[in-house]
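In: Whatever this is, show me its structure:
(2 chains)
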Amino acid sequence: MEEKRQNNTIKKVLKYVKKYWGLLLFSIVLAFVSVLLSLYIPILVGDTIDEILGMGQVNFIQVKRLLIGSLILAVITALCQWIMNIINNKITFQVIRDMRKEAFAKIQELPLKYVDTHPYGEIVSKIIADVDQFADGLLMGFTQLFTGVVTIIGTLVFMFSIHWKIAIVVVVLTPISLFVARFIAKRTYNMFRVQSEYRGEQTSLIDEMVGNQKVVQAYTQEEEILEKFDDINEKLSEASLKATFFSSLTNPCTRFVNSIVYAAVGLSGALSAMNGGITVGALSCFLSYANQYTKPFNEISGVITELQNAMACATRIFEFIEEENQVLEGAKIIDEADGNVRLSQVCFSYVPEVKLLENFNLSVKPGQRVAIVGPTGCGKTTVINLLMRFYDVNSGTICIEETDIRDMTRRSLRKNFGMVLQETWLKAGTIADNLKMGKPNATDEEMLKAAKASHAHSFIKRLPNGYDTYISEGGGSLSQGQKQLLCIARVMLCLPPMLILDEATSSIDTRTELKIQEAFARLMKGRTSFIVAHRLSTIQEADIILVMKDGNIIEQGDHDSLMKKNGFYANLYNSQFITVQQ
Amino acid sequence: MKNKKQDKGMVPKGTLPRVIKTLFEFYPKMMPTVLVFIVFSAIVSSIPSIFMQKVMNIIDVTYKSGDWNGISQKIFQYICILGGLYTLSLCACFTYTRMMAVITQGFLKKLRVKMFHIMQNLPIKYFDQNNHGDIMSYYTNDTDTLRQMISQSIPQLITSGVTVCSVFFLMLYFSVWLTLVVIFGIIIMFMVTKKVGSASAKYFIRQQHAIGKTEGYIEEMMNGQKVVKVFCHEEETEKAFDEINEALYQDSKSANSFANMLMPILNNIGNVLYVVVAVVGGILIASKVTNVSISGIPMGISIAVPFLNMTKQFCANISQVSQQINAVVMGLAGASRIFELIDQEAEVDDGYVTLVNAKEVNGEIVECEEHTGMWAWKHPHTADGSVTYTKLTGDVRLFDVDFGYEEGKIVLHNVDVYAEPGQKIAFVGSTGAGKTTITNLINRFYDIADGKIRYDGININKIKKADLRRSLGIVLQETNLFTGTVMDNIRYGKLEATDEECIAAAKLAGADDFITRLPEGYDTPLTGNGANLSQGQRQLIAIARAAVADPPVMILDEATSSIDTRTESIVQKGMDSLMKGRTVFVIAHRLSTIKNSDVIMVLEQGKIIERGSHETLLAEKGKYYQLYTGAFELD
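Out: Numbers count the residues shown, from 1 in each chain, chains lettered A, B, ... in the order given. Next up is the predicted model:
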């Protein structure tokens, strides 16, 4: 099972690498050349030694020839290795870049449901930490695995050509180190996976705490959170300890095995030399091969643990990348919707156990104002989530201009709606950047006009750099109300054919709100709009008021007819005066 | 963008000593032991060269004499010793890697705890000003590079260093002439390393910053997913990400290209050196030059061969060192970023007045262990060593307070507020007038620039922050919920609260109704800031949380802004009973909710322009009158 998953991961990794197969091939060729050349050097040296020993005097011409020869060899080898490394680097970091890109694009494609139900920190940790570790492993794999394998083959050939009997000794002993490396590697992979998971968990805790610092401090919960953090930290530490310990075992173990091989070669070589089967020069050359032969085993075993780690990380990344996408979108594009919206027999729930909307029907004519009211948690925002296709209906249809929204592209659907959300989110950047988000090509005049219409202009003017004031993520020290004004200005700038106002003015003082309402009223003229508001005064003018309770529409009509009905709405409407009269 | 050191490409001085110092601080006993083991194993692994020389010597002698029979036993003996040494070296290596793993992980664990601890104590200002993702990358990627440095690079460096030293000594032992040749090669190697190394170091540090930036961006976009989707901004977002990603790619590529260039160059210098040594050795033997060495062994094949072996070892270790240099630079870059966080000025908390349980005995307030429902401020006087107790009543006064979020930009001017115990004080005013700011000062999220705030007559600067905040209940405009069950989130206000207390609080806040309708009631897990609840429901939970805490002073900052009017009227009843007997600061836009306040303060651009009860303010026909009548027309 584990094995299979690992194989799958390798296949997927290869898919990314495949794009660069030309470079890869070139890199392998270079590996061959450089290894063969560097292996040739000991032969030269061996010859030199024999030359000096054999004659009892030095053949200087011969020595000089050898010296220059090896110098040239060295330069060529260095060049080959260098180019090879550059290529490997390029491949690795391009693969990494592609991966990050795909992962990030994935965030955009994922249904909100996924983002809502997964801690952000975990996702961030996947894209950053895991991809990073994967890069390390891949790079090591490229640079050392090829050369390692080629070196092994090359040295074998050379050794056999020098003295096949001793070479056999070496070959017989090799499996030991392979076996050891494999034994350890198998265990490490799991450890690294566990480690990655804990790291994700920890990151998400930190993320949450960074975001919620205010509440943490207000309730003086620092100690308790620290305890919780300690707990995860401890687990992470333990997992990493095991992982690093196992992986650090690899090197000494294989080195030990290699020492045995080396000793065996020395012994059999010495015995052979005693019998005159091999010259001393050849033996020294052979020993040096034996050394070179075992070195890649060391390296490969190192690489293998690193690769294990990389594979563990890659698995997590692929899990994310392969997460189920938003349900496919249609191809129809409606540029400027006429504002006809129809919901028929819509059923929806976030979790199967709790039904929320059932057989919801609504028909809105162009230019109508629809207000949705009802107690907290009755499903008002849900209706809007469905209209925008943040979530998809379980059954039933939602149509705009008689086109099922599932047949439209998401982009054209959302372009048709202007939306002011309850949550105010501002991106890091200047005020102007934020205002122009919905319409990047807007002129400064247009922006100013929108800011004035939303009454944000007066406070923006008072900021240190006006419209060029830089605000950090989440709005920094702007007050909640100011953030909301900016969000309203943002929508005022786009002027979409339909509007959704979800508690758009909840954080704004009454006086400013009054003014904004006027602006909204102007904006809404001729546009189909959906309004969610608690202050019933703001929705009295609506053409249709939907009164929702527990996910159902219990009343529907305009203000007057609903008041006459003397039902839930009338009750709701009157209750706000009760508080006033207290 | 907030990071000043970005792009400088320099690790601040003193980072390495600090890392080492911290290591020894955390592991005063284990660190020296590990060092001993590392040195030991390095020395042991360089010894075999001597035996090589002995074996070669024997072979050399025998080669000339042709008498092979007598020596096989001797060779066997040497090989046994050799094997023993290898085993010993293996054991030492084994032990230190094991210990090093423990140390590294322990070190990082402690470091993370320290970082987290410091983060918890940072002023809110820090979080306002720094990118959240960037803060997180301290934990993820910076810690990671540090891990690699400590667990791999440092032991490697020490081993290599020791090996180089001992091999160097052995070389001198064999032949000074040949050693000189090796030294010449080493000098070239060092020069190359320095040149290439410093070029790559710059990029490695840049890479580190680029990763932080990438992480920050991802984090930000995750939070704004909904808005990104609403404005169909997916493509632009991806484009911006591509740019950041591309920059990261360029930096990593450059950094590693330089680093990887080093290895082939050094290896091949090593190879050439090997040949040169062989040739020079050969010439020396042939020309019978007198050998200068510590051992005094005459020049011969028995010296040349092990010497060649040593040259190899020497070069290998040098290139090992150079290979680790990048890892060290990267680790240090990470470490310096981490230290930056650790060195952040924590919230100044020099408060010494604490909150204690108290009871009244003969009209005097006495401290006691058990929970009495009565609290007192314990105020030790350093001058005469006496301790006075002041009953916690909830009397909060601001005298002539000035404040600005940024220096030189005053947001509040000469604010005076007097809140007597049990009073309800309301702040009204237009958006951005400074209402929330005043409450931020009372709980000391921010410190005032000028003036004084007194709580029960005590200057709040003297009160320990944790105790000050414990005595204040806060319901914020932004509702922050944590991963955990609904019950956990309510209990957040007071950890020792029983389930019954939590449920009672939820009922008081009007949250019980919807909670019981959740799939698992109070045990329903909440994720990602309570994304599966509506804004209003989140606010109800936040109110319940404050109710559980049961503090003498409450701050309600737009606590009911996201709740519909009907639910609000239910909550209002609960809130009214919650507020009874407490000093309450209320910020609300709906003037109906604050009409019954004892004092209403009208703020405009950071100044209190009107104050008084609803009736008096109406009679004054000022700003409040305008606001109220405006609102009234609206209603």
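
In: When you work out contacts or count neighbours from here on, use the C-alpha atoms and nothing else.
Out: OK.

In: Grab the nearest non-local neighbour of residue B:264.
Out: Using C-alpha to C-alpha, 6 or more residues apart in numbering or on different chains and skipping the chain neighbours, the partner closest in space to residue B:264 is residue A:78 (5.0 Å).

In: Could you do residue A:123 as well?
Out: For residue A:123, ignoring the flanking residues on the chain, the nearest one in space by C-alpha to C-alpha, 6+ apart is residue A:200 at 7.6 Å.

In: Do I have it right that that neighbour meets residue A:121?
Out: Yes - assessed by C-alpha atoms under 8 Å, residue A:200 is found in contact with residue A:121 at 6.8 Å.

In: Quick check on residue B:354: phi, psi?
Out: phi -120, psi 160 (degrees, to the nearest 10).

In: same question but for residue A:540, I mixed them up
Out: Torsion angles, degrees, to the nearest 10, at residue A:540: phi -60, psi -30.

In: What about the nearest residue to it once chain neighbours are set aside, how many residues nearby?
Out: In space, residue A:540 comes closest to residue A:559 once its chain neighbours are excluded; the distance is 5.7 Å by C-alpha to C-alpha, 6+ apart. For residue A:559, the count of nearby residues is 20 (other C-alpha atoms under 10 Å in any protein chain shown).

In: my guess is residue A:559 meets residue A:547, correct?
Out: No - in this structure, residue A:559 is not within contact of residue A:547 by C-alpha under 8 Å, at 10.7 Å.

In: Three-state assignment for the residue nearest to residue B:264, please.
Out: Following DSSP: H, G, I helix; E, B strand; the rest coil, residue A:78 is assigned to helix.

In: how close does it sit to residue B:272?
Out: Remark: distance between residue A:78 and residue B:272 (C-alpha to C-alpha, to the nearest Å) = 11 Å.

In: ok, now residue A:99?
Out: 41 Å.

In: buried sites along stretch B:416-427?
Out: Across stretch B:416-427, burial judged by 16 or more other C-alpha atoms under 10 Å in any protein chain shown covers B:416, B:417, B:419, B:420, B:421, B:422, B:423, B:424, B:425, B:426, B:427.

In: quick one: contacts for residue A:96?
Out: If you count contacts by C-alpha atoms under 8 Å, 6 or more residues apart in numbering or on different chains, residue A:96 has them with A:131, A:132, A:135.

In: taking the residues you listed one by one, which sit in strands?
Out: In strands, defined here by DSSP state E, there are no members of the contacts of residue A:96.

In: now these in CSV, with neighbour count?
Out: Putting the contacts of residue A:96 into CSV (neighbours: other C-alpha atoms under 10 Å in any protein chain shown) gives the following:
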residue, neighbour count
A:131, 23
A:132, 22
A:135, 23
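
In: wait, which of these is closest to chain B?
Out: Of all these, residue A:132 has the smallest distance to chain B: 8.5 Å, by C-alpha to the nearest C-alpha.

In: quick one, what contacts the closest one?
Out: By C-alpha under 8 Å, 6+ apart, the contact set of residue A:132 is residue A:96.

In: what's the average pLDDT for the longest helix belonging to chain B?
Out: In chain B, assigned by DSSP state H, the helix with the most residues is helix B:234-287. Averaged over helix B:234-287, pLDDT sits at 79.

In: Centroid-nearest residue for chain B?
Out: Centroid-nearest residue in chain B, with C-alpha atoms, centre = their mean: residue B:115, separated by 3.8 Å.

In: Could you confirm it falls within a helix?
Out: Yes - counting by three-state DSSP, residue B:115 is located in a helix.

In: need the residues of the stretch 401-550 of chain B near chain A, please.
Out: Within the stretch 401-550 of chain B, the positions near chain A by C-alpha under 8 Å from any C-alpha of the partner chain are B:405, B:429-432, B:436, B:443, B:466, B:469-470, B:472-474, B:477, B:480-482, B:492-493, B:514, B:518-519, B:527-529, B:531-537.

In: Now do the strands for the stretch 301-450 of chain A: every range, in order, please.
Out: Using DSSP state E, counting those that start in this stretch, the strands found in the stretch 301-450 of chain A span residues A:341-348, A:357-364, A:369-373, A:395-400, A:403-404, A:417-420, A:429-430.

In: Isn't residue A:272 up against residue A:282?
Out: No - look at residue A:272 against residue A:282 with C-alpha under 8 Å: they stay out of range, at 11.2 Å.

In: higher neighbour count, the two?
Out: The neighbour comparison of residue A:272 against residue A:282 (other C-alpha under 10 Å) goes to residue A:282, with 22 against 17.

In: among the contacts of residue A:96, which are in helices?
Out: Going by DSSP H, the helices hold A:131, A:132, A:135 from the contacts of residue A:96.

In: follow-up on the earlier one: run the angle between the helix or strand following the longest helix of chain B and helix B:234-287 for me.
Out: Using DSSP states H and E, the helix or strand that directly follows helix B:234-287 along the chain is helix B:301-342. Here helix B:301-342 runs at an angle of 150 degrees relative to helix B:234-287 (axes from the mean of the first three to the mean of the last three C-alpha atoms, to 10 degrees).

In: State whether residue B:366 is indeed within a helix.
Out: No - going by three-state DSSP, the assignment for residue B:366 is strand, not a helix.

In: Need the mean per-residue confidence for stretch A:530-538.
Out: Here the average pLDDT along stretch A:530-538 is 75.

In: Which residue ranges make up each domain of the chain?
Out: Just so you know, I chose chain A. The record's domain split for chain A, according to automatic domain parsing, is A:88-320, A:426-495.

In: Correction: the question concerned chain B.
Out: Annotated domains of chain B cover B:15-26+B:101-342, B:354-391, B:396-634 [automatic domain parsing].

In: and stretch B:227-247, how far out from the chain's middle?
Out: Centroid displacement of stretch B:227-247 relative to its chain, using C-alpha atoms, centre = their mean, to the nearest Å, is 28 Å.
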